[in-house]
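[1] Give the three-dimensional model of this entry:
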Amino acid sequence: MVDVVVQVSTGSESHPQPTTRLTLEGAATQLPFDIVHTLLDHTTIIDLVNFCNTCKALRAHLKNESIWRRACVPYGLRDFTYFGGQSAYTVYTQLLHPYAALVGLWASDSPFYGKVLEFRLFTGNEDQQGGIIGEAWTFPTRSPPDTPTPPSYTRVLKLSFDEDDDEEPAESSQCSSSSTAKPKIAPVRVFCDSLSPPSRHRSSLVRLSTTPLGKFLQLHRKKVNLPDFPPHISPWYDRDRGLPRIPETPEITHHHREIIKIYPAARLPAVYIAPTAVMKPAAISIRCPRPRSECVCQSRLVTALSYDNLDERPPRYYPFRNLILPGTDPDSADWTVHDLDGIWYGSYGPNGTECIYLAHNDEHDTIEATKITGDLNVPRGCVSWIAHLPLGHQRAMAQGYWTSVRTDGVEARRLLMGHGTIAGSGFTDMAIVELMAGVISADHIDIFWAELHEFRTYRRYKGRPQSA
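    Sure thing, here's the model as predicted:
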């Protein structure tokens, strides 16, 4: 307890007035509730809870639902109608506080193909309870070179207060009085959840520790290193978002470096894991107890490989920077390659539409496209292409080249020169080839791959449609 001493002087040193002693604890307990409520505007809910737990009188404020309703507002939740009758306190402490960090985009390290998983807060409706739902981005497996398709969103996961269909309702105790029994806080359950076809069963979401393990492809006479995901420096990796506030599970340490040496040659190629020089950060993973063949959600999260895969772990997911920029008119005098930063999707011919992340490099004044999803030729995590503005003496040559190869008359507002990555199946025979990028508009890039003698179109991702 802290004493605050206030002495009132009458001007006579020989006859001072009695000293008035106030205690900070006593003053705090007399705070009106609206003042405690206002503290939420200036501090976090965690600090407010710690403050109110300093004494019984203040702790009584924590029973007021309005505090917890207000704590849910920053997450966009104001209506609790469809949360199974749970209080705002339960919704905040059991769902939002531990799991709100999920909300946003996550990139998978699944070999070759990768996957984007998006979590969002769902407030519920008359047909289903609210919670946090996870949806896989799905792109068509084939698309015309000039028509990349934006992702569709397919539900695969749900965190909610829904009852487990396989659990029997708990029976009330005969020996406990309803007037004295404490209310039971409902737990959040994790479900593999599909709307079409309808399917729901219990699953789990875990937080995994860091790991040095990377993925490799063993061929008959050589091995192929798949790109570390994420690499040591990765502009797409969101270091600021954090992971769910749940206990961390140690990642496995065993690998296949020795096993692959005696693996039957008839079953090669095969994907395996072994340590690399790059330590991968902590991640999340989804653990389903059912075999992949019996879970439609797993099949939507992991694209089947045409190779043997010794790595039986479910994929790790890393926070993916959700950078969606409006773009700048390339005719503007203020335009730079910085204006191309963000999430894009592009056509990769017979491999369909894939997701890439564009980031500028100040030192070299370039724009670099990293594959977030990939294919059997050029996998996820690989730099698809790098381009830069041509130097003064190169501009006329670049313009002439563009005009000669672009027979449909489409004009580029800005031209960039660079190189890209192509490879054979299994990321073999990789080659760096020349290319030219034409910025057609703020949200549209056409790239001419000289080796393929073909244009490929890339479009800026503008976010989810409001109806999605």
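
[2] Wait, residue 356 touches residue 367, no?
    No. Using C-beta atoms under 8 Å as the test, residue 356 is too far from residue 367 to be in contact (10.9 Å). From N, CA and C alone the C-beta is placed, and that goes for glycine too.

[3] Give me the residues contacting the longest helix belonging to the chain.
    Longest helix of the chain, by residue count under DSSP state H: helix 395-405. Under the contact criterion C-beta atoms under 8 Å, 6 or more residues apart in numbering, helix 395-405 has outside partners 390, 412, 415, 417, 436, 438, 448, 453, 455.

[4] List the buried residues in stretch 128-139.
    129, 130, 131, 132, 133, 134, 135, 136, 137, 139 (16 or more other C-beta atoms under 10 Å).

[5] Show the average pLDDT along it.
    Averaging pLDDT along stretch 128-139 yields 97.

[6] again, but for stretch 329-345
    On average, stretch 329-345 scores 96.

[7] what separates it from the chain centre, distance-wise?
    Put simply, stretch 329-345 sits 24 Å off its chain's centre (C-alpha atoms, centre = their mean, to the nearest Å).

[8] Just the C-alphas of that stretch, formatted as PDB.
    Extracted C-alpha coordinates of stretch 329-345, given in PDB (Å, rounded to 0.1, in the frame of the first residue of the first chain):
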ATOM      1  CA  ASP A 329      -0.800   5.100 -62.300                       C
ATOM      2  CA  PRO A 330       2.400   4.200 -64.200                       C
ATOM      3  CA  ASP A 331       2.000   7.400 -66.300                       C
ATOM      4  CA  SER A 332       2.500   9.400 -63.100                       C
ATOM      5  CA  ALA A 333       5.800  11.200 -62.700                       C
ATOM      6  CA  ASP A 334       5.800   9.900 -59.100                       C
ATOM      7  CA  TRP A 335       5.700   6.200 -60.100                       C
ATOM      8  CA  THR A 336       8.500   3.900 -59.000                       C
ATOM      9  CA  VAL A 337       9.000   0.200 -58.700                       C
ATOM     10  CA  HIS A 338       8.000   0.500 -55.100                       C
ATOM     11  CA  ASP A 339       4.400   0.900 -56.300                       C
ATOM     12  CA  LEU A 340       4.400  -2.700 -57.500                       C
ATOM     13  CA  ASP A 341       4.800  -4.100 -53.900                       C
ATOM     14  CA  GLY A 342       2.200  -6.500 -52.600                       C
ATOM     15  CA  ILE A 343       0.300  -9.600 -53.400                       C
ATOM     16  CA  TRP A 344      -0.200 -10.600 -57.100                       C
ATOM     17  CA  TYR A 345      -1.400 -13.600 -58.900                       C
END
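
[9] okay, now residue 149: neighbour count?
    Residues lying near residue 149 (other C-beta atoms under 10 Å) number 16.

[10] what's near enough to touch it?
    Contacts for residue 149 (C-beta under 8 Å, 6+ apart) come out as 139, 140, 143, 345, 352, 353.

[11] Out of the residues you listed, name the ones that lie in strands.
    Mapping the contacts of residue 149 onto strands (DSSP state E) picks out 345, 353.

[12] Give the buried subset of the contacts of residue 149 as a ChimeraX selection command.
    Entered in ChimeraX, the line below selects the buried ones among those, by 16+ other C-beta under 10 Å:
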select :139,143,345,352,353
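
[13] CSV please, covering the contacts of residue 149 and showing distance to residue 460.
    Output for the contacts of residue 149, formatted as CSV (distance: C-beta to C-beta, whole Å):
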residue, distance to residue 460
139, 15
140, 18
143, 16
345, 8
352, 18
353, 13
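
[14] What is the nearest of the contacts of residue 149 to residue 190?
    Proximity of the contacts of residue 149 to residue 190 (C-beta to C-beta) peaks at residue 139, which lies at 25.8 Å.

[15] nearest residue to the closest one other than its sequence neighbours?
    With sequence-adjacent residues excluded and distances taken as C-beta to C-beta, 6 or more residues apart in numbering, residue 139 is closest to residue 353, at 4.1 Å.

[16] so what's the one you found bridging to?
    For residue 353, the beta-bridge partners are residue 347 (DSSP bridges).
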